[in-house]
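Novice: Let's see this in three dimensions:
(one chain, ligands or ions: 1)
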Amino acid sequence: MAREKVITTVPADEVKQHDAALRPKLLKEVIGQRNVAERLEIAVRASKKLNEPLGHILFDGPPGLGKTTFATVLPNELGTSIQLTSGPALSKPADLLPFLTNLDEGSVLFIDEIHRMPRVVEEFIYPAMEDFRIDIVLGEGMSARTISMNLKRFTLIGATTRSGMLSGPMRDRFKMHEHLEFYSVEELATIVRVNAAKLNTPITEAAAHELARRSRGTPRVANSRLHWTRNYAAALHDGTITEPIARAALDKAEVDRDGLDKNDRKYLETLIDLYGGGPTGVEALAATINLASDTLSDEIEPYLLREQYITRSPRGRVAMPRAYTALGKLPPRQKPDDKQGGTLFE
Ligand code: ADP
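Specialist: Okay, here's the model as predicted:
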């Protein structure tokens, strides 16, 4: 067999390890999501030309697809600063005050998991988003009075895995809504190659493709599988990631040939073996697998749905033929009167 050509040997002096170092710094370094990147490019250009802050932006999509990446790239493009917080950390309006009073003109305030921000905080932030001011209540009862405080003009960037859980008024206050989609294998292979170079790890084209194919369409997963494979190659071989090494490393990590991990398989096994392929509610599945139902619906299901391992019916989740094949089982027959099979795919 011909030797695989090693394509990534670029030294990367200043590159540190792990996610932060691998995160793109500028829009042109962001791989994939071209339409989103192009729209943001236009918004950034307009903001600079018109000397106005960028309009508020909401990113939604499953975890690890680049919401934080886009949010951190934008202030770099604008030459401004960013403050980062998250919905669960903001339990009352006072928690938001230090961020709002620390704003630089035109800077970015990023709120991750914005759908988990309580309603009182949401209402507190509305005037800040609309008119760059906040209303603060001083004192209590009869002597309470409200003072209005002006803020620097800023951009709120919200990220959510559940845009459906955001209230209508909150959603309407964002000027741009960008939905991030899963990545193609080619895009992920590019991310793997670029990041292997940043980590100073030689990798073959075929190995990059193997990692990409087994990364659930998600850059964060690709990065963590690259890290594992890099360690595997360094510990057991000479450090170069070839296709057989990538394959062996992922097998060792219990990532199957389709890229499904232990939790994905546990989900499908439970749905098929315990619930006869469904329909089953997500709460029942979560309780049986012993994972939070949010983890199921935010992290596990989006990819299984998109790849048609499962489908959602009004009565719950249903396993599709591909789920049976992935677990090495025979899919039920399609005929409704077939005793051995089910009536799932009538
Ligand atoms: P999210 O905020 O949606 O959970 P992140 O922005 O934190 O996802 O992305 C996780 C990691 O994946 C980032 O640190 C970055 O290294 C990588 N990543 C995400 N999107 C891209 C992209 N479009 N191009 C290159 N790397 C990306």
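
Novice: For the rest of this, base every contact and every neighbour count on C-alpha atoms.
Specialist: Fine.

Novice: Mind checking what secondary structure residue 152 has?
Specialist: coil (DSSP: H, G, I helix; E, B strand; the rest coil).

Novice: Please look at it and residue 131 and confirm they touch.
Specialist: No - with contacts counted by Cα atoms under 8 Å, residue 152 stays clear of residue 131, the gap being 10.1 Å.

Novice: okay, these two: which has more neighbours?
Specialist: More neighbours sit around residue 152 than around the other of residue 152 and residue 131, counting by other Cα atoms under 10 Å; the figures are 17 against 11.

Novice: That one - nearest residue in space that isn't next to it in sequence?
Specialist: Nearest residue to residue 152 in three dimensions, chain neighbours excluded: residue 105, at 5.1 Å (Cα to Cα, 6 or more residues apart in numbering).

Novice: Spell out, range by range, the helices that occur in the stretch 51-200 of the chain.
Specialist: If DSSP state H, counting those that start in this stretch is used as the criterion, the helices of the stretch 51-200 of the chain fall at 67-78, 93-101, 119-131, 168-172, 185-198.

Novice: near the ligand, which residues of this structure show up?
Specialist: 19-20, 22-24, 30-32, 63-69, 191, 219-220 (Cα under 6 Å from any ligand atom).

Novice: run the last query once more with 8 Å
Specialist: 19-24, 29-33, 60-71, 112, 159, 180, 191, 218-223 (Cα under 8 Å from any ligand atom).

Novice: Just the buried ones out of these, please.
Specialist: For these, a burial check counting by 16 or more other Cα atoms under 10 Å picks out 22-24, 30-33, 60-71, 112, 159, 180, 191, 218-223.

Novice: contact partners of stretch 276-290?
Specialist: 266-267, 270-272, 292-293, 296-297, 313, 315-320, 344 (Cα atoms under 8 Å, 6 or more residues apart in numbering).

Novice: Going through these, which ones are buried?
Specialist: Neighbour-count burial (16+ other Cα under 10 Å) is assigned, among those, to 266-267, 270-272, 293, 296-297, 317-320, 344.

Novice: shouldn't residue 75 be in contact with residue 105?
Specialist: No - look at residue 75 against residue 105 with Cα under 8 Å: they stay out of range, at 11.6 Å.

Novice: now residue 280: how far from residue 317?
Specialist: Here the criterion is Cα to Cα, to the nearest Å. By it, residue 280 lies 5 Å from residue 317.

Novice: I misspoke; the intended subject was residue 85.
Specialist: Going from residue 85 to residue 317 by Cα to Cα gives 33 Å.

Novice: again with residue 228
Specialist: According to Cα to Cα, residue 228 and residue 317 sit 32 Å apart.

Novice: Same question for residue 128.
Specialist: Using Cα to Cα, residue 128 is found at 41 Å from residue 317.

Novice: what does residue 325 give?
Specialist: With Cα to Cα as the criterion, residue 325 and residue 317 are 17 Å apart.

Novice: Mind jotting down where the helices sit in the stretch 201-346 of the chain?
Specialist: Taking DSSP H, counting those that start in this stretch, the helices of the stretch 201-346 of the chain run over residues 205-213, 219-236, 243-252, 262-269, 282-289, 293-295, 301-306, 321-326.

Novice: neighbour-wise, which of residue 75 and residue 105 wins?
Specialist: Under the criterion of other Cα under 10 Å, the comparison of residue 75 against residue 105 puts residue 75 first, with 21 against 15.

Novice: For that one, give me the pLDDT.
Specialist: Confidence at residue 75, expressed as pLDDT, is 96.

Novice: Equivalent analysis for residue 341, please.
Specialist: Predicted confidence (pLDDT) for residue 341: 43.

Novice: sorry, back to before: I'd guessed the residue nearest to residue 152 sits against residue 154; true?
Specialist: Yes - Residue 105 sits in contact with residue 154 when judged by Cα under 8 Å, with a separation of 6.2 Å.

Novice: buried sites along stretch 138-151?
Specialist: Of all the residues in stretch 138-151, those buried under the rule 16+ other Cα under 10 Å are residue 151.

Novice: Can you show me the CA trace of that stretch as CSV?
Specialist: The C-alpha trace of stretch 138-151 is given here as CSV (Å, rounded to 0.1, in the frame of the first residue of the first chain):
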residue,chain,number,x,y,z
LEU,A,138,-34.1,52.9,44.6
GLY,A,139,-35.7,52.4,48.0
GLU,A,140,-38.8,50.4,48.8
GLY,A,141,-42.5,50.8,49.2
MET,A,142,-43.9,54.4,49.4
SER,A,143,-40.5,56.0,49.2
ALA,A,144,-39.3,53.9,46.2
ARG,A,145,-38.3,56.0,43.2
THR,A,146,-37.0,55.0,39.8
ILE,A,147,-34.0,56.6,38.2
SER,A,148,-33.1,56.3,34.6
MET,A,149,-29.4,55.8,33.7
ASN,A,150,-27.9,56.1,30.3
LEU,A,151,-25.5,53.5,29.0
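
Novice: What's the mean pLDDT across it?
Specialist: 88.

Novice: Contacts for that stretch, please.
Specialist: 100, 101, 103, 128, 132, 133, 134, 135, 136, 137.
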